[in-house]
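In: the amino acid sequence is not available; the structure is as follows:
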């Protein structure tokens, strides 16, 4: 017996629907009995179930409700923005979906991240997930934490257009965009919204990948400036090309490029959501910051991050790092990208990381 029946909430007929059906993303039983009227293909349903099994196999848990919504949009060929708190599985969703689509022999995916550390982390996770799923796919990445030999091999692969999943930083793409033009991507997963909006080269390139010529994009931007909407006509994004934007824009919320994405792809990059999280926000009025910092870290134990205000600079990062080490705390300072730092931190080999606070 369902926990509740909701009147007027069936998404198809507008009639009553059970809480059980809604929790599974389904309409009422009457509509389910006539599946053909829902215009849901067997392949679409199979894709959702198979992707869900990938999540269970890799993570030990099924997709949560937001991830199911995101998956439906990808399979429908609908571009969208994932607005959810940090740690809610946006990047993991992008990786697993990219592997699944490549495994099915369909789509090539481009994943754009803001930093080399994230590129290394996403690449490592993608390789690990592909191995566990026995997916015979090629994952290619390039970042500054690679050895000279690894960089040479990755550049060679990029020049040859190899790779079912390509993971790059926005700064590398801005410098070497000609290497990426030879690919025919179906899914573009952006984990660096502001980096893409800031770079006109990246902005136009991504829209070209999605099937929009530069002259059309310029026409849309001009119409937004002059508000002459009648000149635009009908804008229909291709169904086999999807842009997924992870997170919100911190800087470009109302720029013409954000508005152009809305007109071309039918979604708008939003602001970061407020939500309930299992995090306690506290502060301490301190008389001796350094000694109290050491006491707090020793009390709270392993797994801490010390954020240094930007105005104090890297010298203060070094000072705090040395302070912690000299007091018997296993710490690492993030002065520049350092290979394996996040892995050492996650394994417990490093107790505390120290670095400059940044919106990126």
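Out: Cool, the structure landed. Small disclaimer: the values here were computed from a predicted structure and weren't measured.
In: which residues does residue 55 contact?
Out: Residues in contact with residue 55, defined by Cβ atoms under 8 Å, 6 or more residues apart in numbering, are 61-63, 67, 96. Heads up, the C-betas are built off the backbone N, CA and C, glycines and all.
In: following the helix or strand hosting it, which helix or strand shows up next?
Out: In the assignment (DSSP states H and E), residue 55 maps to helix 42-59. Using DSSP H and E, the helix or strand that directly follows helix 42-59 along the chain is helix 65-76.
In: quick one: strands adjacent to the helix or strand following that next one?
Out: Downstream of helix 65-76, the next assigned helix or strand under DSSP H and E is strand 80-82. On the basis of DSSP bridges, the sheet neighbours of strand 80-82 come out as strand 242-246 (parallel).
In: ok, residues contacting the partner strand?
Out: Contact with strand 242-246 is made by 70, 73-74, 77-82, 90-91, 94, 186-191, 193, 206, 210, 261, 265, 267, 269, as judged by Cβ under 8 Å, 6+ apart.
In: re the thing from before, would you format the contacts of residue 55 as CSV with distance to residue 308, neighbour count and pLDDT included?
Out: CSV is the format used below for the contacts of residue 55 (distance: Cβ to Cβ, whole Å; neighbours: other Cβ atoms under 10 Å; pLDDT from 0 to 100):
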residue, distance to residue 308, neighbour count, pLDDT
61, 35, 10, 94
62, 39, 11, 94
63, 37, 21, 93
67, 34, 22, 92
96, 34, 25, 98
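In: return the member of the residues you listed nearest to residue 121.
Out: residue 96 (14.7 Å; Cβ to Cβ).
In: can you name the helix or strand that the closest one falls in?
Out: Per DSSP H and E, residue 96 falls inside helix 90-103.
In: quick one: work out the angle between that helix and helix 42-59.
Out: 120 degrees (axes from the mean of the first three to the mean of the last three Cα atoms, to 10 degrees).
In: just give the number of residues close to residue 138.
Out: 13 (other Cβ atoms under 10 Å).
In: ok, now how distant is it from residue 103?
Out: Separation of residue 138 from residue 103 (Cβ to Cβ, to the nearest Å) stands at 12 Å.
In: again with residue 280
Out: Applying Cβ to Cβ, the value for residue 280 to residue 103 is 41 Å.
In: could you check which of these two has the larger neighbour count?
Out: residue 103 (17 against 5).
In: how near is the closest residue to that one other than its chain neighbours to residue 212?
Out: Closest residue to residue 103 apart from its sequence neighbours, by Cβ to Cβ, 6 or more residues apart in numbering: residue 135 at 4.2 Å. Residue 135 sits 31 Å away from residue 212, going by Cβ to Cβ.
In: what segments of the stretch 101-250 of the chain are helices?
Out: 116-132, 148-159, 170-175, 177-180, 193-198, 200-209, 214-226 (DSSP state H, counting those that start in this stretch).
In: quick one: distance of the longest one to the chain centre.
Out: Taking Cα atoms, centre = their mean, to the nearest Å, one finds helix 116-132 lying 13 Å from the centre of the chain it belongs to.
In: thank you, goodbye.
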